[in-house]
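**Student:** Sharing a sequence plus its predicted fold:
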There are 2 protein chains.
Amino acid sequence: MNDGDFRHIPQFTVLRFARYLNFLMNLPDVVSEISSSEMAGIIGIKPTQLRQDFFTLGGFGRQGKKYNVQFLISRLREVLAVTEEQRMILIGAGHLGQALANYAGFERFGLSLRGVFDVNPRLVGLKIRDIPIMDLDSMGAFIQRNEIIIGIICTPHDYAQTTCDLLTDHGIKAIWNFSSEHVLAPDDVVVQNENLSVGILNLSYRLNNEL
Amino acid sequence: MNDGDFRHIPQFTVLRFARYLNFLMNLPDVVSEISSSEMAGIIGIKPTQLRQDFFTLGGFGRQGKKYNVQFLISRLREVLAVTEEQRMILIGAGHLGQALANYAGFERFGLSLRGVFDVNPRLVGLKIRDIPIMDLDSMGAFIQRNEIIIGIICTPHDYAQTTCDLLTDHGIKAIWNFSSEHVLAPDDVVVQNENLSVGILNLSYRLNNEL
DNA sequence: TCAAACTTGTTTATTTTATGACAAGCGATG
DNA sequence: CATCGCTTGTCATAAAATAAACAAGTTTGA
């Protein structure tokens, strides 16, 4: 119902888009359409917020009719830019690093983990799901040869910023940081800090204040 | 400088409190005081936001003087309710579950993981850092005997809601959910959904739109 | 002692996000 | 065909979060 298709998408709407996409992709195949209130109820938000979110994408859906699940999925993949393959590497093959490398759930978004790097010589040479663990010194060449654009940091916190610098020096454009240290990067690099302690501390606060 | 000490704390301020606390606890011992601009610069926010956040806690700090690191830490621990031990269990000993169980980083907040549960008989009986992996059937009794208040869900997404229900049925008051399914719980239970895909999808969006 | 360069506390304004209200459209039922 | 109950699109308003501005205090050094 609108023309330009270019409306500003609020920051928080993007986060919800990710949740919507996840939810829709987990849905059984037999579900071909869904209403805003059904979906919002399960996700735990208000239907009007969901419709407002979709409104920023321009008019799809028609009044009186539910949303088509497959169309929603493809539209959201488009917006979130996960229609084509994006290659990743991971640095730090500790417990969390290994767990993420073993997790195959990102592949359905076209996110492909190509290599794991560590400084521990006892880990170098091993494989995780056919993904080789390599020495950190070989990272630069690997990034260029394999057109890697996303780096995942799973090092101890005191190596996080150094690792981040190393990644950006070698041309990485997106960093997903799981260490407990907030890392900073140049303006042309996107950083997503995912400090797990924040989640549990927030839970602790809410446990003692909301109830 | 204020009296009642009771001001509303915005939701997002709480999340930043968690980041502040993390940052301060990672600091070397020799750093005994810090200014809002130093701290904000490293964390990647504006100094005025940091001061505004602390303002909600009532007046501490004095004009002209930097913040005392130890005082900040203890005040933040107080607000986030991590001054005393809180006991946790974890359900689902897959890769991510094992990684979290191996991660000792939460203990410094008094968060103590007491048991891991799984349905896989090949895992039951093993230990992770002295934490026993037990059969899911024994969970209810374990919760009551050990005064567990936090449950961590690391199951596949199609078992997440069932696990959540099981936990709440046995009196768990806080749930930290790492599955890709958003789980819902009764009003007297706090849920923190930590779907990892949201982070990477947000990163993908920003990579393709902010740059 | 005085001034300059810092610091934080607090209020006010701006921006961003969430909610509410309602028109408009579809589909089934009688 | 008319109506009732459902649906989404859209705009206006309310609420929340962020940023700016500045007063007021401390420290340092000339």
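**Tutor:** Okay, I see it.
**Student:** do stretch A:47-60 and DNA strand D meet at all?
**Tutor:** Yes. Applying CB under 7 Å from any atom of the strand, one finds that stretch A:47-60 is in contact with DNA strand D at A:47-48, A:51-52, A:54-55, A:58-60. C-betas here are computed from N, CA, C, even on glycine.
**Student:** Name the helix or strand for the nearest residue to residue A:169 once chain neighbours are set aside, please.
**Tutor:** Using CB to CB, 6 or more residues apart in numbering or on different chains and skipping the chain neighbours, the partner closest in space to residue A:169 is residue A:140 (7.8 Å). Element membership for residue A:140 (DSSP states H and E) is helix A:139-146.
**Student:** if I pick residue A:56, what's in contact with it?
**Tutor:** With contacts defined as CB atoms under 8 Å, 6 or more residues apart in numbering or on different chains, residue A:56 is in contact with A:7-10, A:13.
**Student:** If you count neighbours, what's buried in the longest helix that chain A contains?
**Tutor:** Determined from DSSP state H, the single longest helix within chain A is helix A:11-26. Neighbour counts over helix A:11-26 (16 or more other CB atoms under 10 Å in any protein chain shown) mark A:13-14, A:16-24 as buried.
**Student:** do stretch A:32-43 as well
**Tutor:** Applying 16+ other CB under 10 Å to stretch A:32-43 flags A:34, A:36, A:39-40, A:42-43 as buried.
**Student:** hmm, it in reach of DNA strand C?
**Tutor:** No. Judged by CB under 7 Å from any atom of the strand, stretch A:32-43 stays clear of DNA strand C, getting no closer than 9.4 Å.
**Student:** same thing with stretch A:7-16?
**Tutor:** Yes. Stretch A:7-16 comes into contact with DNA strand C (CB under 7 Å from any atom of the strand), by way of A:10-13.
**Student:** Show me what stretch A:175-187 is in contact with.
**Tutor:** Residues contacting stretch A:175-187 (CB under 8 Å, 6+ apart): A:88, A:92, A:96, A:100, A:150-161, A:163-164, A:167-168, A:189-197, B:19, B:22-23, B:26, B:42-44, B:105, B:199-200, B:203.
**Student:** Among these, name the ones in strands.
**Tutor:** Those of those mapping onto strands are A:88, A:150-153, A:190-193, per DSSP state E.
**Student:** Could you restrict those to the ones contacting chain B?
**Tutor:** A:150, A:190, A:192 (CB under 8 Å from any CB of the partner chain).
**Student:** which one of those has the most neighbours?
**Tutor:** When neighbours are counted by other CB atoms under 10 Å in any protein chain shown, residue A:150 leads these with 26 neighbours.
**Student:** residues contacting the nearest residue to that one once chain neighbours are set aside?
**Tutor:** Sequence neighbours aside, residue A:88 is the residue nearest to residue A:150 in space, at 4.1 Å (criterion: CB to CB, 6+ apart). By CB under 8 Å, 6+ apart, residue A:88 lies in contact with A:106, A:111-114, A:148-152, A:176.
**Student:** Report the beta-bridge partner residues of residue A:88.
**Tutor:** Under DSSP bridges, the beta-bridge partners of residue A:88 are residue A:113, residue A:150.
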